[in-house]
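Trainee: Okay, structure incoming, though there's no sequence with it:
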């Protein structure tokens with residue numbers, strides 16, 4: 001039975017990425033070696049990392065002066081690397097979910113942090129709108145998409161300082177105006193590759209302005225100088241990332257991906273809004289994530305949650321159980337998910353509602 005993979009991460013990858021990665025595990029670039037055992041110093045792998053970095057810049061229209069880095073440690077390591085390298089005196093953060101809150105906690109170890117707004121009291125079900133970012137902030141950090149709660153900031157904020165963004169779960173789903181940014185980072189395991197590599201896009205001129213000593217491994221300049229090879233990089237995830245980036249280019253780039261993602265999200269949100277059994281947890285359409293659609297059963301049907309999960313499982317639908325901290329359901333619609341899978345989920349929702 002075909003599986004319809006709605007897991008939030010690690011998540012669905014394109015067949016193109018999976019097949020090409022599987023081929024390279026057996027024989028990488030006709031070397032007779034597996035990608036699992038090839039030297040990261042080989043000319044064949046250097047070509048992989050060079051092409052992947054170039055495609056990131058091409059697809060996202062990254063201007064001169066920025067570097068693409070492939071690092072370890074996940075986005076969670078960036079929670080401390082960002083302030084370690086960029087927070088000289090004061091930084092501004094917005095608290096829109098668990099990962100934003102974790103980033104704030106780490107930043108406070110390095111300097112003054114102004115939390116300009118938070119939706120925590122409402123269980124992070126909306127994006128705060130009325131807040132002021134201080135003009136003297138070294139940067140304003142935001143988490144663009146909140147996987148657990150299903151909210152998303154889909155436009156680059158207009159603030160009086162430089163931007164830093166955690167785009168782990170929605171990068172490559174919309175255009176980004178990098179002229180506003182010092183740094184964008186993203187864990188790979190949503191829209192790019194298997195877990196194990198973190199994409200960082202950093203403006204070189206933003207670095208070198210803090211007085212504190214920075215450990216070599218945590219200094220972005222180390223990785224710029226060494227071309228992401230100061231230590232052995234995560235070779236397999238980077239190779240998979242290259243395949244995904246090639247696939248994105250074949251599909252038509254960011255504009256085409258955004259159209260696909262908006263269509264998938266609209267299909268599912270419309271089904272939720274028209275239902276008497278299901279309701280969305282994020283009520284303002286402007287705040288709704290197009291990557292992670294969170295919904296619950298209305299109070300009179302809540303006892304049917306497990307039955308609905310089982311009903312979906314029987315139809316090959318996996319990964320729709322909500323995060324343990326919020327319950328309900330979550331359907332992740334990352335770039336690799338075909339709209340046909342969303343149609344199968346919508347049909348299951350309608351059929352289940354009709355029988356109950």
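Mentor: Sure thing, it's come through. Small disclaimer: the values here were computed from a predicted structure and weren't measured.

Trainee: Tell me where the stretch 1-150 of the chain has helices.
Mentor: Listed in chain order, the helices of the stretch 1-150 of the chain (DSSP state H, counting those that start in this stretch) span 15-26, 43-60, 74-86, 98-107.

Trainee: Include mean neighbour count and distance to residue 336 when you put those helices into JSON lines, please.
Mentor: C-beta: built from backbone N, CA, C; applies to glycine. JSON lines is the format used below for the helices of the stretch 1-150 of the chain (neighbours: other Cβ atoms under 10 Å; distance: least, Cβ to Cβ, whole Å):
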{"stretch": "helix 15-26", "mean neighbour count": "16", "distance to residue 336": "7"}
{"stretch": "helix 43-60", "mean neighbour count": "17", "distance to residue 336": "15"}
{"stretch": "helix 74-86", "mean neighbour count": "22", "distance to residue 336": "19"}
{"stretch": "helix 98-107", "mean neighbour count": "20", "distance to residue 336": "21"}
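
Trainee: need those helices in JSON lines with distance to residue 174 and mean pLDDT, can you?
Mentor: As requested, the helices of the stretch 1-150 of the chain are arranged in JSON lines below (distance: least, Cβ to Cβ, whole Å; pLDDT from 0 to 100):
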{"stretch": "helix 15-26", "distance to residue 174": "20", "mean pLDDT": "98"}
{"stretch": "helix 43-60", "distance to residue 174": "10", "mean pLDDT": "98"}
{"stretch": "helix 74-86", "distance to residue 174": "18", "mean pLDDT": "98"}
{"stretch": "helix 98-107", "distance to residue 174": "18", "mean pLDDT": "98"}
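
Trainee: Distance to residue 156 for those helices - can I get that in a markdown table?
Mentor: Shown next, in a markdown table, are the helices of the stretch 1-150 of the chain (distance: least, Cβ to Cβ, whole Å):
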| stretch | distance to residue 156 |
| --- | --- |
| helix 15-26 | 27 |
| helix 43-60 | 12 |
| helix 74-86 | 17 |
| helix 98-107 | 16 |
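
Trainee: which SS class is the residue most central in space within the chain?
Mentor: Central residue of the chain (Cα atoms, centre = their mean): residue 169, 1.7 Å from the mean position. Following DSSP: H, G, I helix; E, B strand; the rest coil, residue 169 is assigned to coil.

Trainee: so what's it up against?
Mentor: Residues in contact with residue 169 (Cβ atoms under 8 Å, 6 or more residues apart in numbering) are 8, 9, 144, 145, 147, 186, 190, 191, 291, 292, 334.

Trainee: and if you look at residue 242?
Mentor: Residue 242 touches 48, 51, 52, 55, counting by Cβ under 8 Å, 6+ apart.

Trainee: One more: residue 100?
Mentor: 93, 94, 141, 142, 143, 146, 166.

Trainee: Same list as before, these that is, but in CSV and with pLDDT, neighbour count and distance to residue 305 included.
Mentor: CSV is the format used below for these (pLDDT from 0 to 100; neighbours: other Cβ atoms under 10 Å; distance: Cβ to Cβ, whole Å):
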residue, pLDDT, neighbour count, distance to residue 305
93, 99, 27, 34
94, 98, 25, 32
141, 98, 26, 35
142, 98, 23, 32
143, 98, 28, 28
146, 97, 28, 22
166, 98, 27, 30
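
Trainee: Which of the residues in stretch 177-196 are classified as buried?
Mentor: Neighbour-count burial for stretch 177-196 flags 178, 181-194, 196 (criterion: 16 or more other Cβ atoms under 10 Å).

Trainee: hang on, the earlier thing: looking at the helices of the stretch 1-150 of the chain, which is nearest to residue 155?
Mentor: helix 43-60 (15.3 Å; Cβ to Cβ).

Trainee: Nearest to residue 37 among the helices of the stretch 1-150 of the chain would be which one?
Mentor: For those, proximity to residue 37 was assessed by Cβ to Cβ; helix 15-26 is nearest, at 9.6 Å.

Trainee: chain center to the closest one, what's the gap?
Mentor: Offset of helix 15-26 from its chain centre (Cα atoms, centre = their mean, to the nearest Å): 22 Å.
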